[in-house]
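Trainee: My questions are about this predicted structure, shown below with the sequence.
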Amino acid sequence: MSTPAPPVIGVLALQGDTEEHLRVLRGIGATAVPVTDSGRLDQVQGLVLPGGESTTMGKLAVRYGLLEPLRKRIRAGMPAYGTCAGMILLADRIIDGAQGQETVGGIDMTVRRNAFGRQTESFEGAVDIEGLEGGPVDAVFIRAPWVESTGPDVRVLGQTGEGGAAGRIVAVRQGSLLATSFHPELTGDARIHRLFVDIVKGTA
Ligand SMILES: NC(=O)CC[C@H](N)C(=O)O
């Protein structure tokens, strides 16, 4: 019996910290490629939506003819992982979005943009993630959203701990869709990316 070919994981490369995600994914042995058009999107088995600026990413997705193809793939069950702005893009509903802001959608949740405050209020904190061994992750929040509410099929995987905004939902999963308010691609902790690769392989 031959071993199945490793899945190809795309990282949306319209704007934001695409390179950091590619580096982490390649570092754990995954095959990772940037995705800028629908032809490339057709070739990947899973997609990471990076951090950055969700309004800009939404606009660029429209301009590059990617928004509808993204919606279609996600509706058809393609696994996806969104960090920060990427989480916003995966949300079915946004609070404090820009006027007419488009999302890809897929996760039955309402996300509040810039919920933790301005750039200068960016912070780092320990967050326990359900099912992740090895202790809490060191979560970096940069003008981050939080999840205001979730539908019945969404599993909350992590909430903020002690401090000003404690108990906020910052990590969720719905089927093969995963989203975090924070940026594991910036800390050198690849556990959440590993979880995502396992989701794409169908083993998590
Ligand atoms: N670090 C980030 O991705 C910030 C997200 C940004 N505040 C937005 O609304 O798109």
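Mentor: Nice, thanks for sending it over. It should be emphasised that the depicted structure is a prediction, and the values quoted were computed from it without experimental measurement. Residues are numbered from 1 along each chain as shown.
Trainee: what residues are up against the spatially most central residue of the chain?
Mentor: Computing the C-alpha centroid of the chain and ranking residues by CA atoms, centre = their mean puts residue 82 first, at 1.0 Å. Shown in contact with residue 82 (CB atoms under 8 Å, 6 or more residues apart in numbering): 48, 49, 88, 89, 90, 177, 178, 179, 180. Every residue, glycine included, has its C-beta placed from N, CA and C.
Trainee: Check which helix or strand it maps to.
Mentor: Under the criterion of DSSP states H and E, residue 82 resides in strand 80-83.
Trainee: Show me the contact partners of the following helix or strand past that strand.
Mentor: For strand 80-83, the following helix or strand on the C-terminal side (DSSP H and E) is helix 85-90. With contact meaning CB under 8 Å, 6+ apart, helix 85-90 is reached by 12, 16, 48-54, 57-58, 74, 80, 82, 94, 97, 103-107, 111, 113, 145, 147, 177, 179-181.
Trainee: quick one: which of the contacts of residue 82 is nearest to residue 161?
Mentor: Nearest to residue 161 among the contacts of residue 82 is residue 180, at 14.7 Å by CB to CB.
Trainee: Tell me, how many residues neighbour that closest one?
Mentor: 28 (other CB atoms under 10 Å).
Trainee: what's it sitting at in phi/psi?
Mentor: The phi/psi pair for residue 180 (degrees, to the nearest 10) reads phi -130, psi 140.
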